[in-house]
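Chemist: The following block contains a protein sequence and its predicted model.
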Amino acid sequence: MFYRPSIREVNKALAALVDIPRPDTDNEGDPINGRSVLPYLSHENAQRVRHAEELLYKYTRNWDGQPDRRALNTLGRHGYDASLDTAQYEPDKLAGSVRAGDWYIDISDELSIGEDD
């Protein structure tokens, strides 16, 4: 059965990210769920990030895995800059993010390009 979280659940999860402090590493401009940030967060904050990431992944996609434009527009109406589109170099994958405060969370499918940066 296809489960989609509500916008209330998503709002609550995103609001919990806003006050997470940026770790003292070279991570300016990196996503909160990226390799240069997530491992340096407290266990509690990392759990909040993973929860938000999971909800957003489900919320922003239709049952067939394609971007849900209505959900993305709803995020925008709630004050979150959200995007999810076909990846530039891998047309069978999606790339996107959602901004919450000073953070953004990557909601892309796993991409093979650039993984060994």
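Modeler: Sure thing, it's come through.
Chemist: got any ranges where the chain has weak pLDDT?
Modeler: Scanning the chain for pLDDT under 70 picks out 1-2, 111-117.
Chemist: For it, just list every one of the strands.
Modeler: Under the criterion DSSP state E, the chain contains strands at 81-86, 94-100, 103-106.
Chemist: Could you pull up the residues touching Arg69?
Modeler: For Arg69, the contact set (Cβ atoms under 8 Å, 6 or more residues apart in numbering) is empty. C-betas here are computed from N, CA, C, even on glycine.
Chemist: Likewise for Ala95?
Modeler: Counting by Cβ under 8 Å, 6+ apart, Ala95 has contacts 84-88, 108-109, 111.
Chemist: can you check Tyr57 too?
Modeler: Applying Cβ under 8 Å, 6+ apart, the residues contacting Tyr57 are Ile107.
Chemist: Arg99 reaches Tyr80, doesn't it?
Modeler: Yes - here Arg99 lies in contact with Tyr80, judged by Cβ atoms under 8 Å, at a distance of 6.1 Å.
Chemist: quick one: which of those two has more around it?
Modeler: Counted by other Cβ atoms under 10 Å, Arg99 and Tyr80 do not tie: Tyr80 has more neighbours, with 20 against 16.
Chemist: can I assume that one is in contact with Ala100?
Modeler: Yes - Tyr80 lies in contact with Ala100 (Cβ under 8 Å); the separation is 6.1 Å.
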